[in-house]
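**Student:** Pasted the sequence and its predicted model underneath.
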Amino acid sequence: MKKILLNILAGLSLLSFASCDDGVVQQDVKEIPETGWMKETPVEFVFSMQDTTSLYEVVVDVRNKSSYMYQNLWLFIEAMNPKGEVYSDTIECILADNKGRWIGDGAGSYFSGEYRLPVSFMPQVLFGQQGDYKFSIYQGMREDVLLGLSDIGIRIRHVRE
């Protein structure tokens, strides 16, 4: 029963985060298995984009548990356009300060210490072609199996002028 209640509260938390963020045109969240995130296994997202004239921001959302053992998280991200051209980048997500306090939104007593941190991957991007864009995210830590992460998400939102 406690686990069901925690899952419901976590889902409502994600929904409330998404609903507070105006300008979001597409988003998706993928759960990381309790057994961990394998280094060679990407978390993948596909978004269909039709607007080729507006500027967008691509944001990566990271949600970790208080059991996560590190201050940061390295991510390798590949973005593939409809023609198959790939843009790749490495980003560092700082999840805790130097004193070990988690950064980002969180409610430790309600969600077993889960915290959410948005990180801008592509602050201003023009999707120059209509069609499907695929984003693949790999964990770039030294662990073959990384524990302590809840989920990874991507949001695409209009750039505010």
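**Tutor:** Alright, I've got the coordinates. Residues are numbered from 1 along each chain as shown.

**Student:** Leu146 and Lys39: what is the separation?
**Tutor:** Distance, Leu146 to Lys39, by C-beta to C-beta, to the nearest Å: 7 Å. Heads up, the C-betas are built off the backbone N, CA and C, glycines and all.

**Student:** ditto for Gln27
**Tutor:** Taken as C-beta to C-beta, the span from Gln27 to Lys39 is 25 Å.

**Student:** circling back: which one of Leu146 and Lys39 has more residues nearby?
**Tutor:** Leu146 (19 against 16; other C-beta atoms under 10 Å).

**Student:** Test my guess that the more buried one contacts Trp37.
**Tutor:** Yes: assessed by C-beta atoms under 8 Å, Leu146 is found in contact with Trp37 at 4.6 Å.

**Student:** List the residues that are in contact with both of the two.
**Tutor:** Gln139 (C-beta atoms under 8 Å, 6 or more residues apart in numbering).

**Student:** partner residues bridging Val145?
**Tutor:** Met38 (DSSP bridges).

**Student:** Could you measure from Lys83 over to Glu57?
**Tutor:** 22 Å.

**Student:** now Pro42, nearest residue through space, not along the chain?
**Tutor:** For Pro42, ignoring the flanking residues on the chain, the nearest one in space by C-beta to C-beta, 6 or more residues apart in numbering is Ser136 at 4.1 Å.

**Student:** Could you list which residues are in contact with the one you found?
**Tutor:** Ser136 neighbours (C-beta under 8 Å, 6+ apart): 42-44, 77-78, 80.

**Student:** can you check Met122 too?
**Tutor:** By C-beta under 8 Å, 6+ apart, the neighbours of Met122 are 56-58, 79.

**Student:** Equivalent analysis for Glu40, please.
**Tutor:** Applying C-beta under 8 Å, 6+ apart, the residues contacting Glu40 are Tyr138.

**Student:** what's the answer for Tyr56, then?
**Tutor:** 25, 122, 124-127, 156-159.

**Student:** Can you say which of the residues you listed are buried?
**Tutor:** 122, 125, 127, 156-157 (16 or more other C-beta atoms under 10 Å).
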